[in-house]
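*Asks:* How does the following fold in three dimensions:
(chains A, B, C, D and E, ligands or ions: 5)
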Amino acid sequence: MTDPAQRPAAQHPPALQHPALQLRDVWLRLGREVILRGVNVDMAAGDGVTLLGENGAGKTTLLRLLASGLRPTRGEGRVMGFDLRDSRSVRDHIHLMPVDGGLYPDLTCEENLAFALRMHAHTGDADRAVAGALRRVGLEHAAGRRARFLSAGMRKRLALSRAWLLARPVTLVDEPFANLDDAGRALVQELLGELRAGGGTLVVAAHEPELARAVAPRALRLAGGQLLDAAQTVNA
Amino acid sequence: MTDPAQRPAAQHPPALQHPALQLRDVWLRLGREVILRGVNVDMAAGDGVTLLGENGAGKTTLLRLLASGLRPTRGEGRVMGFDLRDSRSVRDHIHLMPVDGGLYPDLTCEENLAFALRMHAHTGDADRAVAGALRRVGLEHAAGRRARFLSAGMRKRLALSRAWLLARPVTLVDEPFANLDDAGRALVQELLGELRAGGGTLVVAAHEPELARAVAPRALRLAGGQLLDAAQTVNA
Amino acid sequence: MNTAWQVALKDLRVAGRTRDTLLSTGFFAGLVLLVLGLALGGNGGKTLEQAAGTASGAVWTALALAAAVGAGRAFAQEQEAGALEQLTLYPGPHGALYLGKLLGVLGPLLLVAAFTLPAGLLLFGAAGTGRALPWPALALTTLLGVVGFAAGTTFYSSITVSLRAREALLPALAFPILVPVVIATVRATAALVAGGWSPEVTTWLTFLAAFDVGTIILATLLFPYALEG
Amino acid sequence: MNTAWQVALKDLRVAGRTRDTLLSTGFFAGLVLLVLGLALGGNGGKTLEQAAGTASGAVWTALALAAAVGAGRAFAQEQEAGALEQLTLYPGPHGALYLGKLLGVLGPLLLVAAFTLPAGLLLFGAAGTGRALPWPALALTTLLGVVGFAAGTTFYSSITVSLRAREALLPALAFPILVPVVIATVRATAALVAGGWSPEVTTWLTFLAAFDVGTIILATLLFPYALEG
Amino acid sequence: MRQDRITTPLGIATLLLLLVAVGMGLSAPLDVNQGSLVRMMFIHVPAAWLSYLAYGGTGLFGLLYLVQRRRHWDRLAMASGELGVVFTLATIVGGMLWAKPTWGAYWVWDARLTTTALSLVVYGGYLLIRSLIDDPERRARVSAVVGIVGTLYVPINYMAVEWWRGVHQTQTLKLLGKIQWQAAPVYFVILTVATLAFTLLYFYLLRVRGILAAKEEARENRELMNDLGVRAPGLEAARG
Ligand code: HEM
Ligand SMILES: Nc1ncnc2c1ncn2[C@@H]1O[C@H](COP(=O)(O)OP(=O)(O)OP(=O)(O)O)[C@@H](O)[C@H]1O
Ligand SMILES: Nc1ncnc2c1ncn2[C@@H]1O[C@H](COP(=O)(O)OP(=O)(O)OP(=O)(O)O)[C@@H](O)[C@H]1O
Ligand SMILES: [Mg+2]
Ligand SMILES: [Mg+2]
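*Replies:* Ligands and ions are numbered 1, 2, ... in the order given. Prediction:
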C-alpha cells in the first residue's frame, strides 16, 4: 500500500543473542492489592505475544511494568538485556501505547506525532514522516485538528500511527482494537504486522484473540496474578 | 439471574403517544466542521436502535445532541415530546453513558453510583440498590475501591451498572462493548436487554453490529453527516 | 434543592476523604499570614488603629487567596474526570449545580477562616492585648466575607473551566465582584477591632449582606449560560 | 538537551494556544496586588523608602504566588491528558524533563512579571513620581527572581501533581523554600527604587544568582526520584 | 526482632546527662540583666539545636534512602522530621514565654521568629505529603526528596538574623568567620552540657520512634497479608 522505505526501520542492533523480554518471579503490589503473583515469561526478539485475561486481571499493569513505569515489588526482569530497574536504558528500546492514547489534547495530530518523534531524537525530515504516518491511518484530513476534538476511534488511530512511526524494538500495545471500526481493525493488524516484519517484538493486550492472533500468534493468559499459556488454561 | 423486582422500574408515564426521539433536518457545526447535515429520525418508545458509522462519522456527537448536551445549529428535535432546547425537561428523561464513563476518580464505585441515584432524586433504599447493581456487574469486591484505580473494563462495567440502575425512559449508550471481556459483553447484552424489556428506549453507538443487534435490532448508519437505514447503505 | 445538596455532599465527601482540600487551604492561609508578617515588618510602636488595619488586611488577603485557590478546584475536579458533561446532564435546574458547588467550597473555607481570623489578629498584635474583642460581630463579618469570596470565585471557576481559552476578558469579570467584598470586610474588621460595634460597621455589614445575596442570585441565574455546551 | 528543548517548545505552544496558564497566573498576580493595595490603605504621607518597601513587598508576594499557581499547571496539564506517564517513558534523562518544564513555565511567568512590576510600583506610589527608575537593573532583578520562583515551584509541582488538592498544596510546600528569594528580591527592588544601584544591590543579586543555580542543579538531580513510577 | 542492646543504655545516659544539666542550670549565677530568666536559655537554645539536628537528620536519612532503598532509612527520616517539628514547637513556645517578660509581647515580626515558624511549615509540609501518599515505596521516595530540599532551608533560618536584623539575639556562637563566644563563660559550659544532653535525647527518641514505626509497619503488613490470604513470605519485607 505505502512505500515501505518511508517507514523508519526499527532502531536496534541487528543481531540479538538474549531474549527481548524476560520476567523472573515478578510480584507487584499496588495500594492494598497484589496484582501480579509470581509472573515468569521469556519472549524472543521478534516474537508476537497476545496477552489475554479478564477485566481487571492485570494486563495493563503488566505492560506498564514492562515499560519500566512501575517497579516490581519482588522479582526481576530484563528488557533487551537491560535490567528493568535501569529505566533509562529500557526506555531507549520500548514504546507503550496506552488505552487512552496518552495524547496532548491541545496539540494537533501533527504536533502530537512530531513531538513524539523529536523526543526520540529523530534525525531526518520529521514533517514528512509525520505526514506519511497520518496518511497511513487515514487522518490526513484531521492533521491540523486538536486531539481534544478527535473522536474516540480517531484518537486510537493517532496513537497507533505514533507506535508505527516510532517503531521501537519492543512495542507494547494496550487494547488496540477497542473503539475502532472494521477498517480501523484491519489497519491495526496491518501496521502491527509491519512492525513485527521489521524485527520488532510485540506484546498486545486485547480482548479479541481472533484479531490479535494475526500479528501476535503466541497467546498468554493472565489469571490469578499468574501468566500461563492460553492453551493450558483452556484445558485446565 | 437476579430478582427483577430489585431493579427500579423505568420511571416514565405508562402510555406514550408520541415518538420517544424525533429529529427533523438537524444540522450541527462544531468548530470549523459540519458534523451533521440534515439528520431525520423517528424512534418509537421502547425501540432499540444501533447507531453504526465509521470512526469520526458523528455517532458520539449525535448522542450528545440527543442528550441536550449540544444544541443543533439548524433544525429541531424532540425527546419524549419535549423540544431539545428545553434542556431541563429532556434531562428528566434521558441518560447518556459516555465512552469514558464519566466517573469521579476519587469517589469509590459505591459512591459514584449512589451519587447518580441521588441526583435523580431517588427515593428508597439507595445503598441496597447500589449494592445490587454492583453485584450485577461483578464489581462487588471492588465496591470500596476508587474509580481511579479500576481497570478500563471495570470502569466500563461501573458505567453500565449506572445506566441500568437509573433506567431512564431513554438510554443512550456509547460503545458499550469496547474494553470488555467476553463475559462483560454478554453482560452488556443482558442488562441493556432488561432496560428495553422494562419499556426503555435504547440507542447504542457501536462498532460491533452483531453484538448490538441482540438488544437494538434496528440499525441506522451515519455517513456523510446523514442517517440512513443500515440495510439501505449496504445496498447503495 | 436536592441537586444542590447532593453536589455539595459529594464534594464534601471528596474533600473529607482526602482531607487535602482542607489541610492545604488551611496551610496556604497560614503561610500567607506568615509571609505578609515578614514583608510588612515589625509591629513595634504601632497604634491600635494601625495594628487593626494591618491585621485585618493580612487576614483578608489570606482568606481571599485561599478562596481563589479552593474554588479553583471546584470545577477543575469535574473537568479532569470528564465528569463535567455528565454532571450537566442530570435532571434539575443548572442553577442548583452552582449552589451545590458553592456550598461544597464554603465548608472547608469557613473552617479555615475560623482559625485564620484569631491567629491573624493575635500575630499582628490586634488581639491578646487584654482588651475584649467583639467576637460574635467578627464571626458575622467573616461569614459574610467568606460567602462573598466563595460566591464570586466559584462562579469564575465555572467559567474558566469550560471556556478554556475562549475569552481573555473573563478574569476581568471576577475582579469587580471581589473588590467590593475586600473593601467592606477589611474596613469592617478594622473598625470592629479598633473600636467595637459602630454605625460604620453596620453600614459595611449591610452592604456585604446585600452584595452576597445579589452575587448569589445573579450567579445562579447566569450559571446555566456559562455551562451550556 | 534535545529533550528539554522539545518539552519546552511543546509547552510554550500549548500555552500560546490555550492561554489558560497565562490567564490564571495573571489573575492571581492581579488579585494579590489589588487586595494588598486595598488592605494597606492609601499611600499618603509615606516617605519614598516606605513606599518602595511596600511596593516591592507586594509585587514579589504577588509574583511568588503567581509562580506557584502557574507552575502547578505545568504538570497538571500532562496529568489531565493521561500523558504524564507517556512523557516519563520517552528516552533520555528525566532531569531534562525538569529543565524543559522549567523553560515552559518561565515563558508566561516572565510575561506576567513584565506587567506586574511596573503596575505594582505605580499602584503603591513608588513609580510615576517623576523620578527616573533604573529599569534595566530592575529587569535583571525580576529575571533572577522569577527564575528562582519557577525553579522551585516547577520542582514541587512534579511532586504534588499526583496528589489531590495540588492547587493549594503546591504553594504551601514551595513557599518556605522560596522565602530566601522573596527576601532577596524585595530587598534588591526596594533599594533600586529608593536609591538606584548600590553595593547592597550587588550582594543581593549575587546571592539570587547563586540560589537560582543551586536550586536548578539540585532539582535536576533529584527530579528523577520525584517522578519515578 | 533481634536483641536491642543500645536503646536502654542510651536512654539511661540521656536521662543522667539531662539531670546534670538541670542541676547545673539551677545552680548557675543569675544574669545581670535578666535575673533567673536567663535559665530559659538552657532549654530554648538546646531545643533549637535539636530541631536543626533533626532537620539535618531528615535530609541525611532521605539521601541514604534514595541511595540504598532500605525502608529502614525512611522510617528514621520520618522519625527525625517529627522530632524536628515537636522541638521547633518547643523552641517557639519557650521563646514566646521568654519574650513576654523581656520584650513585652508574645510575638513580634522578627526575622528569626518568622523563619523559625516557616521551618515549621516546611516540615509540616513534609509530614503532610507523607500523609497524602498511600503507597509506601512512593511515599518514601517522594518524602526523601522533599526532606532533602527542605534541608536547604536550615542554613537560611540560621542566617536570617544576620540578613534581616530584628530584636532577636544574633547567633551567640558565630560559625561564619571567627568562632567567638559573647557571654559569660559559665553559661557556655552549662549550655554545652545541656546541648550535649539534648543531642543524646535526639538519638534516643529517634531510635525509639524508629522501632515503633517498624513495629507498626510490620503489623500493618501482617494484617494486609492476612486479608489477602497471601502466602508470600518476603513480599512485604523485600527491601528491609
Ligand atoms: C517566639 C520566640 C522565639 C523563637 C521562635 C526563637 C527561636 C530561636 C532559634 C531558632 C534559635 C536558635 C538559632 C541559632 O542558634 O542561631 C534561638 C536561639 C536563641 N534565642 Fe530565641 N527565639 C525566640 C525568643 C527568644 C527570646 C525572647 C530570647 C531572649 C530574650 C531569645 C534568645 C535566644 C538566644 C540567646 C539564643 C541563642 C543564640 C545562639 O547561641 O546562637 N529567643 N532562638
Ligand atoms: N493504584 C492502584 N491501587 C489499587 N488497585 C489498583 C491500582 N491500579 C490498578 N489496580 C487494580 O489492579 C487490577 C488490574 O488492573 P489492570 O488495569 O491491570 O487490569 P486489566 O487486565 O488491564 O483489565 P482490563 O481488561 O479491564 O483493561 C484491577 O483490579 C485494578 O483495580
Ligand atoms: N468541538 C469540536 N470541534 C471540531 N471538531 C469536532 C469537535 N468535536 C468533534 N469534532 C469532530 O466531529 C467528528 C465526529 O466525532 P464523533 O466523536 O461524533 O465521532 P464518532 O462517530 O463517535 O467516532 P468514533 O467511532 O471514532 O467514536 C470527528 O471528525 C471529530 O473530529
Ligand atoms: Mg487494561
Ligand atoms: Mg464516538
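*Asks:* so what pLDDT did residue 8 get?
*Replies:* Looking at chain A here, since you left the chain open. Confidence at residue A:8, expressed as pLDDT, is 46.
*Asks:* could you do chain C instead?
*Replies:* So residue C:8 comes in at 77 (pLDDT).
*Asks:* so it makes contact with residue C:96?
*Replies:* No: here residue C:8 lies out of contact with residue C:96, judged by Cβ atoms under 8 Å, at a distance of 10.0 Å. Every residue, glycine included, has its C-beta placed from N, CA and C.
*Asks:* From residue C:137, how far out is the residue in chain C that ligand 1 sits nearest to?
*Replies:* Relative to ligand 1, the nearest point of chain C is residue C:123 (11.0 Å; Cβ to the nearest ligand atom). Note on residue C:123: its distance to residue C:137, by Cβ to Cβ, to the nearest Å, is 20 Å.
*Asks:* I'd like to check which residues are in contact with the residue of chain C closest to ligand 1.
*Replies:* Listed by Cβ atoms under 8 Å, 6 or more residues apart in numbering or on different chains, the contact set of residue C:123 reads C:33, C:37, C:55, E:107, E:109.
*Asks:* I figured the last one was touching residue C:36, is that so?
*Replies:* Spelled out, that is residue E:109. No: using Cβ under 8 Å, residue E:109 is not in contact with residue C:36, being 9.3 Å away.
*Asks:* Neighbour count for those two, which is higher?
*Replies:* Neighbour totals were compared for residue E:109 and residue C:36, and residue C:36 leads with 26 against 22 (other Cβ atoms under 10 Å in any protein chain shown).
*Asks:* wait, the more buried one sits on residue C:56?
*Replies:* No: shown here, residue C:36 and residue C:56 do not form a contact pair, counting by Cβ under 8 Å, at 11.7 Å.
*Asks:* residue in chain A nearest to ligand 3?
*Replies:* For chain A, Cβ to the nearest ligand atom, closest residue to ligand 3: residue A:153, 2.6 Å.
*Asks:* pLDDT value on the nearest residue to that residue once chain neighbours are set aside, please?
*Replies:* Closest residue to residue A:153 apart from its sequence neighbours, by Cβ to Cβ, 6 or more residues apart in numbering or on different chains: residue B:55 at 2.9 Å. With respect to pLDDT, residue B:55 scores 93.
*Asks:* count of neighbours near residue 108?
*Replies:* Picked chain A for this. Residue A:108: 20 neighbours (other Cβ under 10 Å).
*Asks:* sorry, should have said chain C
*Replies:* Neighbours of residue C:108 using other Cβ under 10 Å come to 25.
*Asks:* closest point of chain A to ligand 4, which residue?
*Replies:* residue A:60 (3.2 Å; Cβ to the ion).
*Asks:* Quick one: mean pLDDT for the lengthiest helix in chain C?
*Replies:* When chain C is parsed with DSSP state H, its longest helix is helix C:48-80. The average pLDDT within helix C:48-80 is 77.
*Asks:* Next, the buried residues of it.
*Replies:* C:50-80 (16 or more other Cβ atoms under 10 Å in any protein chain shown).
*Asks:* dump the residue contacts of residue 120.
*Replies:* If you meant another chain, say so; for now it's chain A. Residue A:120 touches A:166, D:90-91, counting by Cβ under 8 Å, 6+ apart.
*Asks:* if you could check chain E rather than the one you did, that'd help
*Replies:* With the criterion set at Cβ under 8 Å, 6+ apart, residue E:120 makes contact with E:85, E:88-89, E:92.
*Asks:* Check which helix or strand it maps to.
*Replies:* In this assignment (DSSP states H and E), residue E:120 forms part of helix E:111-132.
*Asks:* could I have that helix exported to CSV, CA atoms only?
*Replies:* Provided in CSV are the C-alpha atoms of helix E:111-132 (Å, rounded to 0.1, in the frame of the first residue of the first chain):
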residue,chain,number,x,y,z
ALA,E,111,13.1,37.7,61.0
ARG,E,112,14.3,34.9,63.3
LEU,E,113,10.9,34.2,64.7
THR,E,114,9.2,34.2,61.3
THR,E,115,11.8,32.0,59.7
THR,E,116,11.5,29.6,62.6
ALA,E,117,7.8,29.5,62.2
LEU,E,118,8.3,28.9,58.5
SER,E,119,10.6,26.0,59.2
LEU,E,120,7.6,24.5,61.0
VAL,E,121,5.7,24.9,57.7
VAL,E,122,8.5,23.2,55.8
TYR,E,123,8.4,20.1,57.9
GLY,E,124,4.7,20.3,58.5
GLY,E,125,4.6,20.0,54.7
TYR,E,126,6.9,17.1,54.8
LEU,E,127,4.6,15.2,57.2
LEU,E,128,1.6,16.4,55.2
ILE,E,129,3.0,14.9,52.0
ARG,E,130,3.6,11.7,53.8
SER,E,131,0.1,11.5,54.9
LEU,E,132,-1.2,12.0,51.4
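*Asks:* downstream neighbour of it in the secondary structure list?
*Replies:* Criterion used, DSSP H and E; the element after helix E:111-132 is helix E:136-151.
*Asks:* Residues contacting that next one, please?
*Replies:* So helix E:136-151 is in contact with A:71, A:73, D:155, D:159, D:173, D:176-177, D:218-219, D:222, D:225-226, D:228-229, E:55-56, E:58-59, E:61-63, E:65-66, E:71, E:73-74, E:77-78, E:81, E:122-123, E:125-126, E:129-130, E:133, E:217, going by Cβ under 8 Å, 6+ apart.
*Asks:* could you give me the average pLDDT of it?
*Replies:* 88.
*Asks:* Tell me what angle it forms with helix E:111-132.
*Replies:* Put simply, helix E:136-151 runs at 170 degrees to helix E:111-132, going by axes from the mean of the first three to the mean of the last three Cα atoms, to 10 degrees.
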